[in-house]
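K.L.:
Below are the sequence and a predicted model; questions follow.
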Amino acid sequence: MELPRLPKVISDCDPKVNGEQIAGKGAELTRIMRDSTTPTDIPVHGTELAAGYATGKFKWSAKGYARFPGVPHVHIDCLGTSPEKAEILDVEPGCAGVQTAATWAKKRKAAFPDGYPPIIYCDRNTLTSLLTAMNAAGLRIVRDFRLWVATLDGTKRIDDMTGVTAVQHKHARKQKPNGQWAEQPGKSATTGHYDESIVYDDNWHPEDDLPYTKNAVIGLVKKGVAEELLAGNTRDEILNLVKQGVAAELGAGNTREEILNLVKQGVAAELGAIHAQEALSGLARQLTDLTILVNKALPPTR
């Protein structure tokens, strides 16, 4: 029987995403994405992106995703109810309909205004009606949404790859009712119960969506650090860290002895000082020595 399929992500060597040039235009930087209703049916080796359902009866558990460490995890919204938690909307029978796509894309884009455009999964037969509905809602391909197109017959590219993030070119290997394989793996069929897609856009990084761009985040961090360093409470926190560091150093044998010797020397010197100016000078010398000692204990700057 035909195996249920998850939403797929389509990528294309579009020259631009969100008006910006895409690095690595061309097929040489493509990645392999695999999806299945059952996470354990996808081979770990060779999987560069693991795609699973975020909603619906085939929803993946955290354990299912954990089977694929070190690769991006893709989340597919089958029901159209979770645009904030899924990068892709699955438009196909049994999942969301074309009429859901525009609203879903708008909600996703509102949640991540500077993130990667929402991705809609559909097959070639649905493309025309989908694009018509999206355009009627004022949404434009590339600017407001992108596509994951299913061919499932071995076709790796469609005629117009504008806005295509990925193409699902291989279907899950068909099985007989008794569980035996009904076809051999090949150009259009994978080796098991999973679909396979080619991701063309190297700029797509699932799970990296933020309501701010990377540069904006860096700017906010720099601004925040500058402001916090001027705040009194932050200075107190820094001083506390220094105190904690000194306490830690006092716990080290050699450092403890060196600091204790400095203190003894300082006490002896200060006890012998008659005038206040001499006492202050002695303290300054001890502070200088202590500063040198602490600097030696710190890790080298890069």
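P.N.:
It's in.
K.L.:
which ones are touching the nearest residue to residue 196 once chain neighbours are set aside?
P.N.:
Closest residue to residue 196 apart from its sequence neighbours, by Cβ to Cβ, 6 or more residues apart in numbering: residue 170 at 4.0 Å. Glycine gets a C-beta too; all of them are placed from N, C-alpha and C. Applying Cβ atoms under 8 Å, 6 or more residues apart in numbering to residue 170 gives the contacts 152, 154, 187, 188, 189, 190, 195, 196, 197.
K.L.:
among these, who's most crowded?
P.N.:
residue 197 (31 neighbours; other Cβ atoms under 10 Å).
K.L.:
what kind of secondary structure is that residue in?
P.N.:
strand (DSSP: H, G, I helix; E, B strand; the rest coil).
K.L.:
Next secondary structure after the host helix or strand of residue 128?
P.N.:
Using DSSP states H and E, the element containing residue 128 is helix 124-136. Scanning forward in sequence from helix 124-136 by DSSP H and E, the next helix or strand is strand 146-150.
K.L.:
Would you mind giving the orientation angle of the helix or strand just after that following strand with respect to helix 124-136?
P.N.:
Next helix or strand after strand 146-150 toward the C-terminus (DSSP H and E): strand 164-170. For strand 164-170 against helix 124-136, the angle by axes from the mean of the first three to the mean of the last three Cα atoms, to 10 degrees is 160 degrees.
K.L.:
Quick check: buried residues in strand 164-170?
P.N.:
By 16 or more other Cβ atoms under 10 Å, the buried positions in strand 164-170 come out as 164, 165, 166, 167, 168, 169, 170.
K.L.:
got these as TSV, with pLDDT columns?
P.N.:
Compiled in TSV, the buried residues of strand 164-170 are given as follows (pLDDT from 0 to 100):
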residue	pLDDT
164	98
165	98
166	98
167	98
168	98
169	98
170	98
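K.L.:
ok, back up a step: quick one: the residue nearest to residue 196 from residue 190, how far?
P.N.:
Here residue 170 is placed at a distance of 5 Å from residue 190 (Cβ to Cβ, to the nearest Å).
K.L.:
Can you give me the pLDDT of the closest residue to residue 65 other than its chain neighbours?
P.N.:
Closest residue to residue 65 apart from its sequence neighbours, by Cβ to Cβ, 6+ apart: residue 73 at 4.8 Å. For residue 73, the pLDDT comes out at 97.
K.L.:
helices and strands of the protein: which one bottoms out on pLDDT?
P.N.:
The helix or strand of the chain with the poorest confidence is strand 20-21; it has a mean of 34 (mean pLDDT, DSSP states H and E).
K.L.:
Direction included, what does the next helix or strand after that strand pair against?
P.N.:
Later in the chain than strand 20-21, the nearest helix or strand by DSSP H and E is strand 31-35. With DSSP bridges as the test, strand 31-35 is paired with strand 49-53 (parallel), strand 195-199 (antiparallel).
K.L.:
what helices or strands is the helix or strand where residue 107 lies leaning on?
P.N.:
Element membership for residue 107 (DSSP H and E) is helix 98-111. Under the contact definition 3 or more Cβ pairs under 8 Å, 6 or more residues apart in numbering; DSSP states H and E, helix 98-111 sits against strand 88-90, strand 119-123, helix 124-136.
K.L.:
ok, and which of the ones you listed has the densest surroundings?
P.N.:
Scoring the helices and strands packed on helix 98-111 by mean neighbour count under mean count of other Cβ atoms under 10 Å gives strand 88-90 as the most buried, with a mean of 30.
K.L.:
And residue 171, how close does it get to residue 38?
P.N.:
To residue 38, residue 171 is 15 Å away according to Cβ to Cβ.
K.L.:
Mind checking which of these two has more residues around it?
P.N.:
Comparing residue 171 with residue 38 by other Cβ under 10 Å, the one with more neighbours is residue 171, at 21 against 16.
K.L.:
Report the beta-bridge partners for the more buried one.
P.N.:
Bridge pairing for residue 171 - DSSP bridges - gives residue 189.
K.L.:
One more: residue 35?
P.N.:
residue 51, residue 195.
K.L.:
Can you pull the poorly scored residue ranges out of the stretch 101-250 of the chain?
P.N.:
The model of the stretch 101-250 of the chain has pLDDT under 70 over residues 209-221, 224-226, 228-235, 238-239, 241-250.
K.L.:
try 90 this time
P.N.:
Along the stretch 101-250 of the chain, segments meeting pLDDT under 90 span 207-250.
K.L.:
ok so, going back, could you dump the helices and strands packed on helix 98-111 to JSON lines with distance to residue 77?
P.N.:
Output for the helices and strands packed on helix 98-111, formatted as JSON lines (distance: least, Cβ to Cβ, whole Å):
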{"stretch": "strand 88-90", "distance to residue 77": "5"}
{"stretch": "strand 119-123", "distance to residue 77": "10"}
{"stretch": "helix 124-136", "distance to residue 77": "15"}
